[in-house]
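Participant: curious how this folds, go ahead:
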Amino acid sequence: MSRRLSILLLTSWLTVPGLALAEELTSEQLARIRRDEKAAEAKVNAAHGNKKPSELSNAERRQIIREQQEAIQEVMEKNGVSRKDYARQMARMGPKQNAEVEAAEKALEEKAAASKSQESGEIQVQQGFSEENPVTLEEQAGSLPAVEHGLPTEEEVPAEGEQSPAESEQAPSVEE
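Facilitator: Residues are numbered from 1 along each chain as shown. Here you go, the predicted structure:
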């Protein structure tokens, strides 16, 4: 076997499995990468005053482009994807896959908005209560919550116009 042929066979054996290992990204992963890319670009633009390219000098434009590329590369490394694989998959996507990715992006935005609203101190509206989600009134910091279990029995609940058993023992009735 000639040396060229052996090198060709060796490189083909090493590259073909690498192509097979390149996995398809899910729509959730693509949406997360897109969202992170947009956030990274917005952060770089905000650092430079959100100026239009026509307002910048050539050196400033080069600097911004370099910073954006570095930010996008960090996003790709964070998500464990190469820029080449990501670009290839984005180019091959059809309308159906684009719609799936957009739906996944909206879901991520809703999750982020929900988590921010809970962190910002908004009041949570609770409909009813259960064992998993009990209602507590005027709980003091550092103290254990006082929880009363059960409903009052019929003996403890006064009927309309009547006094409770505890009140009748304390207060003398007028009829006596």
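
Participant: show the contacting residues for the residue nearest to R34 when sequence neighbours are not counted.
Facilitator: Spatial nearest neighbour of R34, chain neighbours left out: E105 (6.2 Å); criterion: C-beta to C-beta, 6 or more residues apart in numbering. Any C-beta I mention is one placed from the backbone N, CA and C, and that applies to glycine too. Contact analysis of E105 by C-beta atoms under 8 Å, 6 or more residues apart in numbering lists A31, R34, R35.

Participant: max-length helix in this structure?
Facilitator: helix 95-119 (DSSP state H).

Participant: and that helix, which residues are buried?
Facilitator: Neighbour-count burial for helix 95-119, with 16 or more other C-beta atoms under 10 Å as criterion, is recorded at E100, V101, A104, E105, L108.

Participant: where in this structure is pLDDT low?
Facilitator: For the chain, the stretches flagged by pLDDT under 70 are 1, 15-22, 119-129, 131, 133-141, 145-176.

Participant: okay, strands next: where are they in it?
Facilitator: Ranges of strands in the chain, per DSSP state E: none exist.

Participant: relative to L10, which of the buried residues of helix 95-119 is nearest.
Facilitator: V101 (38.5 Å; C-beta to C-beta).

Participant: which ones are touching the closest one?
Facilitator: By C-beta under 8 Å, 6+ apart, V101 lies in contact with S27, L30, A31, R34, M93.

Participant: most surrounded residue in the residues you listed?
Facilitator: In terms of neighbours by other C-beta atoms under 10 Å, those top out with L30 at 24 neighbours.

Participant: how about it, nearest residue that isn't a chain neighbour?
Facilitator: Spatial nearest neighbour of L30, chain neighbours left out: V101 (4.9 Å); criterion: C-beta to C-beta, 6+ apart.

Participant: about what we covered before: now, which of the contacts of V101 lie within helices?
Facilitator: Short answer: the contacts of V101 in helices (DSSP H) are S27, L30, A31, R34.

Participant: for stretch 73-84, measure first residue to last.
Facilitator: Distance across stretch 73-84, first residue to last, is 11 Å (C-alpha to C-alpha, to the nearest Å).

Participant: outside of it, which residues touch it?
Facilitator: Taking C-beta under 8 Å, 6+ apart as the rule, stretch 73-84 contacts L25, Q29, R32, I33, D36, E37, A40, I72, Y86.

Participant: swap the cut-off to 7 Å and go again
Facilitator: Residues from elsewhere that reach stretch 73-84, judged by C-beta atoms under 7 Å, 6 or more residues apart in numbering: L25, Q29, R32, I33, D36, E37, A40, Y86.
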